[in-house]
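Asks: Requesting a structural model of the entry that follows:
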Amino acid sequence: MSGNISSSSLYPSEIILATPFVTLLFLYCSAVYLNMKHGKRWSVFRTLYWIMGTLFALLSVTGPIARLSHEQFPVHMLGHLLLGMLSPLLTVLGAPVTLLLRTLSVKQARRITAWLKAKPFVILSNPIFASFLNIGGLWLLYTTDLYDLMHQNLYLYLLIHMHVFLAGYVFTASIIYIDPVFHRRSYTYRLIVLTVALGAHSVLSKYIYAYPPSGVTRSEAETGGMLMYYGGDLIDIVLILIFCTQWYKASRPRFRSPVEKH
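Replies: Alright, predicted model coming up:
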């Protein structure tokens with residue numbers, strides 16, 4: 001399956017990339033059903049976030065966007081925004097870890113919690129490390145020959161697409177705490193990392209505009225760079241609003257009633 005990616009080899013790649021998202025969608029909905037069956041309530045909005053997030057991911061790795069992205073860089077960049085930014089944001093808002101812990105038995109939930117407290121997850125949940133995985137990976141993709149090679153080797157194509165989603169998810173989860181976090185960083189710390197990361201993403205979009213990636217024409221690079229810049233900003237605004245709302249709620253004074261004081 002290695003070598004240049006022909007149109008016939010796109011179909012197995014779509015199946016391979018779609019399978020994890022379809023599986024996750026099925027497992028999430030099954031977990032929601034089990035919770036409801038046992039009288040446990042679960043947010044409809046969380047469920048909708050997860051469904052939309054997985055559907056946007058599927059939209060980016062299958063169908064017209066996936067196929068046209070091999071020929072048109074702006075379409076590829078649209079897929080990047082869906083797979084690496086919008087889908088991770090929505091799936092994080094779906095709170096999958098919280099749902100998993102609610103669905104499992106107490107013994108199983110404690111085992112998962114112990115894993116989440118392990119050192120690898122401590123490192124992975126650090127916003128700085130997550131930023132290097134996410135933004136650093138994009139710089140590597142678009143400023144080297146990796147982008148061109150990705151469209152010539154199917155294994156590399158699959159690996160990069162999965163990395164884009166997972167790195168985007170880990171980064172988003174390290175900034176806005178929706179699921180339980182056992183190694184919390186301060187809001188100031190996360191704000192600094194977020195500001196630097198968003199700045200690096202904007203600079204990269206301008207770099208792409210001025211210096212097209214390998215195998216990309218200047219006109220397509222300019223369109224793709226603008227799409228990355230303005231489209232990324234729209235998603236970033238939502239991320240910033242959620243982060244600031246969480247910070248405000250955590251820092252505002254809590255007034256106790258006269259009854260509570262006594």
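
Asks: dump the residue contacts of Ile51.
Replies: Shown in contact with Ile51 (Cβ atoms under 8 Å, 6 or more residues apart in numbering): Leu25, Tyr28, Cys29. C-beta: built from backbone N, CA, C; applies to glycine.

Asks: can you rerun that using 10 Å?
Replies: By Cβ atoms under 10 Å, 6 or more residues apart in numbering, the contact set of Ile51 is Leu25, Tyr28, Cys29, Leu90, Thr91, Gly94.

Asks: From those, which land in helices?
Replies: Among those, DSSP state H puts Leu25, Tyr28, Cys29, Leu90, Thr91 in helices.

Asks: hey, where'd the helices end up in the stretch 101-250 of the chain?
Replies: Ranges of helices in the stretch 101-250 of the chain, per DSSP state H, counting those that start in this stretch, are 106-116, 119-124, 127-131, 137-143, 146-150, 154-175, 187-210, 218-251.

Asks: can you list those in a markdown table and add mean pLDDT, distance to Ser60 and mean neighbour count?
Replies: As requested, those are arranged in a markdown table below (pLDDT from 0 to 100; distance: least, Cβ to Cβ, whole Å; neighbours: other Cβ atoms under 10 Å):
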| stretch | mean pLDDT | distance to Ser60 | mean neighbour count |
| --- | --- | --- | --- |
| helix 106-116 | 92 | 28 | 12 |
| helix 119-124 | 90 | 23 | 12 |
| helix 127-131 | 97 | 21 | 20 |
| helix 137-143 | 96 | 15 | 18 |
| helix 146-150 | 91 | 14 | 17 |
| helix 154-175 | 96 | 8 | 20 |
| helix 187-210 | 97 | 17 | 16 |
| helix 218-251 | 96 | 13 | 16 |
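
Asks: Of all the ones you listed, which one is nearest Ser43?
Replies: Checking the helices of the stretch 101-250 of the chain against Ser43 by Cβ to Cβ gives helix 218-251 as the closest, at 15.0 Å.

Asks: okay, Ser2: pLDDT?
Replies: Here, the pLDDT recorded for Ser2 equals 38.

Asks: Ok, His262 next?
Replies: With respect to pLDDT, His262 has a value of 45.

Asks: Mind checking the pLDDT average for stretch 89-105?
Replies: On average, stretch 89-105 scores 96.

Asks: tell me how far the ends of it are from each other?
Replies: This stretch, stretch 89-105, spans 28 Å end to end (Cα to Cα, to the nearest Å).

Asks: So for it, what gets flagged as buried?
Replies: 89-97, 99-104 (16 or more other Cβ atoms under 10 Å).

Asks: Any idea which residue is closest to the centre of the protein?
Replies: Residue closest to the mean C-alpha point of the chain, counted by Cα atoms, centre = their mean, is Pro88 at 2.5 Å.

Asks: which strands and helices sit next to the helix or strand containing that one?
Replies: Pro88 is part of helix 87-93 when elements are defined by DSSP states H and E. Helix 87-93 sits against helix 7-37, helix 44-61, helix 154-175, helix 218-251, with contacts defined as 3 or more Cβ pairs under 10 Å, 6 or more residues apart in numbering; DSSP states H and E.

Asks: repeat that with 8 Å
Replies: Counting contacts by 3 or more Cβ pairs under 8 Å, 6 or more residues apart in numbering; DSSP states H and E, helix 87-93 packs against helix 44-61, helix 154-175, helix 218-251.

Asks: JSON lines please, covering those and showing distance to Leu68.
Replies: Listed next are these as JSON lines, based on distance: least, Cβ to Cβ, whole Å:
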{"stretch": "helix 44-61", "distance to Leu68": "11"}
{"stretch": "helix 154-175", "distance to Leu68": "15"}
{"stretch": "helix 218-251", "distance to Leu68": "12"}
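
Asks: Relative to Pro74, which of the ones you listed is closest?
Replies: Nearest to Pro74, of all the helices and strands packed on helix 87-93, is helix 218-251, at 4.4 Å by Cβ to Cβ.

Asks: Could you check the angle that closest one makes with helix 187-210?
Replies: 170 degrees (axes from the mean of the first three to the mean of the last three Cα atoms, to 10 degrees).
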